[in-house]
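J.: Model the structure of this input:
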Amino acid sequence: MSYDPETFAFYAQNAKTYAGRRQKPSDTLLVFLKTLPEGASILELGCGAGLEASYMKAQGFNVTPTEGNPALAAEAEQNFGAPVQIMRFDELEAEESYNAVWANMCLLHAPWESLEDILQRIHKALVPGGVLWASFKIGQGEKRDELGRYYNLPTKSMLSDKFSTAADWAQIEQIDGIGGVGADNQPYQSIWCVAHKIGAAS
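T.: Below you'll find the model as predicted:
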């Protein structure tokens, strides 16, 4: 199973609250977009309220937003102005279809044991030379927060090993992300994993 039922229920119950949050595009999103060719095809996993997908579309990119939670997907459609595909991570079946995959603070909720399969699916969905940007919260292993949400909370070395085992990437880079305080009022530190698929970029 690529999702945690308790976490899934939390976001279904709080979809409107999350959709009501407004913030400017992150510096990381801007850097990500600058690395892509004009009009590149982008698959967004776990798009949440659809705010980042909306920004990417406004910049001229061909964005496919996906969200596993129907309640969040409904909110995202209002922001995105077009249908949002309801799709869990383990339902990704595309092959060599996207220049890039954007997975911001969503794979951190995937059960650790399922992450290898998910990364394999993402690798298959990328065109040769395509790139995955995925963010995680760093920790010492799986746990739930006070709101009942599951997090895989890997160490940097655990992430490196998981990515390397899942697929034959041309390059895997880790970039320290910003820290912050979560909805459970607990501090966290994030990290970005940037993985390039072997082959000429399209």
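J.: show me where this protein has strands.
T.: Here the chain has its strands, by DSSP state E, at 41-44, 62-67, 85-86, 98-103, 126-137, 143-144, 150-151, 169-181, 187-197.
J.: what comes up buried for the second one?
T.: Which is strand 62-67. Under the neighbour-count criterion of 16 or more other CB atoms under 10 Å, strand 62-67 has 63-67 buried. Glycine gets a C-beta too; all of them are placed from N, C-alpha and C.
J.: Now do that strand: distance to the chain's middle.
T.: In terms of CA atoms, centre = their mean, to the nearest Å, the centre of strand 62-67 is set 11 Å apart from its chain centre.
J.: which one of the buried residues of strand 62-67 sits closest to Y18?
T.: Of all these, E67 has the smallest distance to Y18: 11.0 Å, by CB to CB.
J.: pretty sure the closest one is touching A76, no?
T.: Yes: between E67 and A76 a contact is recorded at 5.7 Å, counting by CB atoms under 8 Å.
J.: Now the common contact residues for the two.
T.: 47-48, 50, 84 (CB atoms under 8 Å, 6 or more residues apart in numbering).
J.: Go through the buried residues of strand 62-67 and name the one nearest P25.
T.: Closest approach between the buried residues of strand 62-67 and P25, by CB to CB: V63, at 13.2 Å.
J.: hang on, the earlier thing: most widely separated two among the shared contacts of E67 and A76?
T.: Within those, G48 and V84 form the most distant pair, 10.0 Å apart (CB to CB).
J.: Now S190: closest residue in space, sequence neighbours ignored.
T.: Counting by CB to CB, 6 or more residues apart in numbering, G177 is the residue found nearest to S190 once chain neighbours are left out, at 3.4 Å.
J.: and the one you found, how many neighbours?
T.: Applying other CB atoms under 10 Å, we find 20 residues neighbouring G177.
J.: and it, what does it touch?
T.: Applying CB under 8 Å, 6+ apart to G177 gives the contacts 28, 135, 189-192.
J.: any low-confidence regions in this structure?
T.: Residues of the chain meeting the criterion pLDDT under 70: 1, 22, 201-202.
J.: Now do the helices in it.
T.: Under the criterion DSSP state H, helices of the chain are mapped to 5-13, 15-19, 27-34, 51-58, 70-80, 115-125, 156-166.
J.: about what we covered before: now for G48 and V84: what residues contact both?
T.: Common neighbours of G48 and V84, using CB under 8 Å, 6+ apart, are 67, 76.
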